[in-house]
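1. What shape does this take:
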Amino acid sequence: MNEQLDFPVLNTKTVDGKRHYVTPEGNHYPSITTVLSPRGKDGLMKWRKRVGEKTANYICNKAATRGTKVHKMCEDYLNGEDMEHHKKDFFPYTLFTELKNQTFNNINEVIAQEVTLYSDKYRVAGRTDLIAEYKNKLSIVDFKTSTNARKDSYNENYYIQTTAYAEMFEELTGKPINQIVILVVTENGTVQEFVKDKQEYLPLLQETIEEWYK
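-> Residues are numbered from 1 along each chain as shown. The predicted structure follows:
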């Protein structure tokens, strides 16, 4: 797949405290992460209550910072950027290196990184980490960092999210993507690869969006 694809540049807008994207036609669509945020919220609230707000905020902020740095390293590496300046962030760079060494040889061709996508059919939008051929199949690839190894069942929201990106991509380009890939690196350096078929998650995507718009 060598042809150049153009993706829309969408502005973001906050509506009722939630992130929305403005499409070229002027529609305001919520981000898919915003739409997914109510799922599993009960468990999150119980955890925050158990550990306390201060501890919860510290853990969440630390995880967010770690994840942002590893994402940026993945992006820069795949863009062929010089990585020397990233080495000062020793721990995120170590996690990135583990992820790269164990999974990046499966990335055959990069189509796009950090592009905004949207769907008039589903009335959602979002920004995907990576669209690439992964193990020779056109895929949506998402990079995740985690404190501990993840069970497959923990990833349902990730699968719905990447399924949404696959659907948006097909709607905008006419090219189907069926494979979704979640690559996880944990704080102890364990790397996990989860590869799924989006067909399994289309009903959940539809149901989640319908719930949101209710």
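2. where along this structure do the strands fall?
-> For the chain, the strands defined by DSSP state E cover 11-15, 18-22, 28-30, 107-119, 124-134, 137-146, 179-186, 191-197.
3. Phe194 contacts Tyr201, correct?
-> No: with contact defined as Cβ atoms under 8 Å, Phe194 does not reach Tyr201; the gap is 12.0 Å. (Glycine included, C-beta is placed from N, CA and C.)
4. Pull up the overlap in contacts between the two.
-> Tyr159 (Cβ atoms under 8 Å, 6 or more residues apart in numbering).
5. Between the two, which is the more surrounded one?
-> Per other Cβ atoms under 10 Å, whichever of Phe194 and Tyr201 has more neighbours is Tyr201, with 23 against 18.
6. Contacts made by the lowest-mean-pLDDT helix or strand in the chain with the rest, please.
-> In the chain, the helix or strand scored least confidently by mean pLDDT, DSSP states H and E is helix 41-51, which has a mean of 73. When contacts are defined by Cβ under 8 Å, 6+ apart, helix 41-51 is touched by residues Ala56, Ile59.
7. same thing but at 6 Å, please
-> With contact meaning Cβ atoms under 6 Å, 6 or more residues apart in numbering, helix 41-51 is reached by Ala56.
8. export the strands of the chain to JSON lines and tack on distance to Lys46?
-> Listed next are those as JSON lines, based on distance: least, Cβ to Cβ, whole Å:
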{"stretch": "strand 11-15", "distance to Lys46": "28"}
{"stretch": "strand 18-22", "distance to Lys46": "23"}
{"stretch": "strand 28-30", "distance to Lys46": "25"}
{"stretch": "strand 107-119", "distance to Lys46": "33"}
{"stretch": "strand 124-134", "distance to Lys46": "27"}
{"stretch": "strand 137-146", "distance to Lys46": "19"}
{"stretch": "strand 179-186", "distance to Lys46": "22"}
{"stretch": "strand 191-197", "distance to Lys46": "25"}
